[in-house]
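**Q** what's the 3D shape of this:
(chains A and B)
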Amino acid sequence: MCRERELSEAFVGLADSLVADYDAADLLHRLADHCVALLGVAAAGLLLSDQRGRLQVVAASSEASRLLGLLQLEHDEGPGLDCYRTGMTVTVPDIDLAALRWPVFAAETRSAGYRGVHVLPMRLRDDVVGTLSLFGARPGPLEDTEARVAQALADVATIAILQERAIRHHELLAEQLQHALTSRIMIEQAKGVLAERGGLDMDQAFARLRRYARDTNTRLTDLARGIVEGTLDSSRVLGA
Amino acid sequence: MDRLCVRVASVLHVDGAAISVTSGAIGRGARGASDAAAGRLDDLQLALDEGPCHDAAEDGGPVLVGDLAGPAGQRWGRFTPTTLAAGYRAVFAFPLRIGAIELGTLFLVRASPGGLDGGALADALVVADTVALILLDPPAGSPPGDATGDPAEGRAIMAAPGAPGGGLDDSAAEGRAIMAAPGASECDLDDITGDLAGGPEDDLAGEAAARLRARAASLYRPEIHQATGMVMAQLGVSAQEALVRLRALARARGQIADETARDIVARRLRLGGDLPR
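**A** Below you'll find the model as predicted:
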C-alpha cells in the first residue's frame, strides 16, 4: 500500500472511532501501531493520566517501549514526563547526548537499541491528557512532515479520549488504567521481595526482574505476580 | 460497615452500595450494605457466581454498566433480570485491591440509567481506595508490632483481643471484629466515614475530600509497596499480612506509613530476622 493510502486509512480509522461506539484502549494501541507503520520509527508508547491524576503506561508497540514508559514513571525522569509537565514537544535527536539530563532513561533507551526520541503532547488547549513517545533506531530528529503527521495522529486520539470522558463512556479506559496501576504496584512489591532476598537495592532488583522477564519471554506483570503470590521461586530470578 | 456503605452511596449519588470481602482477605466473609436490596444483590452474585463484582474481582478492573437493559447487561443471564426487577438500571463494581493483594469488591447500584461521569468515576476510585485501606487495617486495640517481633505477633495484631474466638481461623469473628471493634481503628473509621459523608449535597470536595485523597494517596507511593515486599521476605508472610504489619508498626512508631516504609527500604529498620530468608 502506498504511504498516502496508509495515512488516509489510519486517519479514517481513527475518525470513525469518533462517531461510532469505540474502545479507547484499542484506539490507543492502534495509534501506537500506526506510528510505527507510518512514521518510520522503531517503537511508540503512550502515557495517559488516570482518573487519580497520575500517569500510567496505557499502550506501547513493543515490550521495550512499554518498559521505557514504566521506567520514566519509576525514576521520575525522562522526556515523557517533561513533555507532560510542560505540554511542549520534547525532541532528543541523540539519546547519548541526554545522559546527564536523564541518566537512567538514556542508558535504558540505548540498551533497548533506540537512539532518537521524540515526545509529543496529547493536549487540547490547556488540557494535557498524556504523551506519545516515538523511538527511532537511528539518531536524528523526525522529518518535518513526519512530526506533523505524528502530532495530527496524537491530536485525533486526544479528542477521542476527551470525548470519551465527556460522553460518559469510559468503561474500557478505566479498566485499562486500573490494570496499569495494579501492574505497577505488583512490580514494586516484587522488587521488595527480590531486594530483601538478594540483598539488592531497588534498581538492582528491578534490573534482575527485567532480565529474567526478557530471558524467559515473560511479561513483567506476570512475573511480578508470580513472585508476590509465591508461585514462582524468586531464587530463580535472583540466580538469573 | 453498613453505615459506611450508606455514606458511600450518598457521596457517590447512587441508590445503594455494598462491600464484600474476598475469601482470602483477613476479614473474609465480612459484608456490608447500605440497605437490604443492595445487600441481596451483592449476595446474589456470590450465589450465582456471576455479576459485575464477580467480573471485577476476576479481571482486576472496574466494571461499569450504565444501562443493564442494554447490550452490556446481557453478559449476566441471571443477575441482570433480577437486578432490573429490583428496580435498578445501572450497576458499578470496583475491585478493592492493592497490587497483588485482593481484598474484595465495592458494588454500587442506581435506579436511573447512565454511566459515572469523569468526576464521579474519580470519586468512586478514591472511595474504593479508601475502603480498601479500611478493610486492610486490623481491628482496633490490638498490640502494635515491634521491629523484632515474630510472625505469631502478626497474627496477634490481626486478631482483635476480646473478639469471640478471635484468630486467623475464625473468619466470622474477625469480620465482626473489623466492623465492631471499638478503639483506634473504629475512630479512624469514624473519621473516614465522616469525611466521606461531607455536606448533604456535597460531592467529594473541600477539606474532607483532601484528607481522603491524601489517605488514599499513600497507596501510590512506590516505597510502601517495595517495603511490603521486603517485609514479606523478612517474615515469610503474605503481601497482605506484610502491609498490615507495616502499617501497624508505623502507628506504633507514631509515623505515617510512608516514613516507616522509607526506613525499611533504606534498611534502617527491619522486621523479624530469625526466619529463613
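**Q** Residue numbers of the stretch 151-277 of chain B in contact with chain A?
**A** Contact residues (Cβ under 8 Å from any Cβ of the partner chain) of the stretch 151-277 of chain B with chain A: B:216, B:219-220, B:222, B:224-234, B:239, B:265, B:277. For every residue, glycine as well, the C-beta is placed using N, CA and C.
**Q** and those residues, which are buried?
**A** B:216, B:219-220, B:222, B:224-234, B:239, B:265 (16 or more other Cβ atoms under 10 Å in any protein chain shown).
**Q** could you pull out the strands for chain A?
**A** A:43-49, A:55-60, A:90-92, A:116-124, A:127-136 (DSSP state E).
**Q** Out of these, which gets the lowest mean score?
**A** Comparing mean pLDDT across these, the weakest is strand A:55-60, with a mean of 85.
**Q** Please name every helix or strand in contact with that strand.
**A** helix A:24-39, strand A:43-49, helix A:63-75, helix A:79-86, helix A:171-198 (3 or more Cβ pairs under 8 Å, 6 or more residues apart in numbering or on different chains; DSSP states H and E).
**Q** buried stuff in the shortest one?
**A** In other words, strand A:43-49. So, applying 16+ other Cβ under 10 Å, buried residues of strand A:43-49: A:Ala43, A:Ala44, A:Gly45, A:Leu46, A:Leu47, A:Leu48, A:Ser49.
**Q** Beta-bridge partners for the last one, please?
**A** To tie it back to what came earlier, the one meant is A:Ser49. A:Leu55 (DSSP bridges).
**Q** That one and A:Val129 touch, don't they?
**A** Yes. Using Cβ atoms under 8 Å, A:Ser49 is in contact with A:Val129, at 5.8 Å.
**Q** May I ask which helix or strand encompasses whatever residue of chain B ends up closest to chain A?
**A** For chain B and chain A, the shortest gap (Cβ to the nearest Cβ) falls at B:Gly229, measuring 2.1 Å. Secondary structure from DSSP states H and E places B:Gly229 in helix B:222-235.
**Q** next structured bit after that helix?
**A** Next along from helix B:222-235, by DSSP H and E: helix B:239-252.
**Q** Would you mind pulling up the elements that that following helix packs against?
**A** strand B:101-110, helix B:118-136, helix B:151-158, helix B:222-235, helix B:257-265.
**Q** looking at the ones you listed, which has the lowest confidence?
**A** Looking at these, the bottom one is helix B:151-158 with a mean of 34.
**Q** For chain A, give me the ranges with low pLDDT.
**A** A:1, A:17, A:20-25, A:51-52, A:164-173, A:240 (pLDDT under 70).
**Q** so what are the domain limits for it?
**A** A:3-169, A:175-239 (automatic domain parsing).
**Q** would you list the ones you listed in CSV and tack on distance to B:Ala120?
**A** What follows is the domains of chain A, written out as CSV (distance: least, Cβ to Cβ, whole Å):
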stretch, distance to B:Ala120
domain A:3-169, 9
domain A:175-239, 15
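**Q** in chain A, what residue is nearest chain B?
**A** Closest point on chain A to chain B, by Cβ to the nearest Cβ, is A:Gly192, at 2.1 Å.
**Q** dump the residue contacts of the closest residue in space to that residue that isn't next to it in sequence.
**A** Using Cβ to Cβ, 6 or more residues apart in numbering or on different chains and skipping residues adjacent in sequence, the residue nearest A:Gly192 is B:Gly229, 2.1 Å away. Residues in contact with B:Gly229, defined by Cβ atoms under 8 Å, 6 or more residues apart in numbering or on different chains, are A:Glu188, A:Gln189, A:Ala190, A:Lys191, A:Gly192, A:Val193, A:Leu194, A:Ala195, A:Glu196, A:Val228, B:Ala239, B:Ala242.
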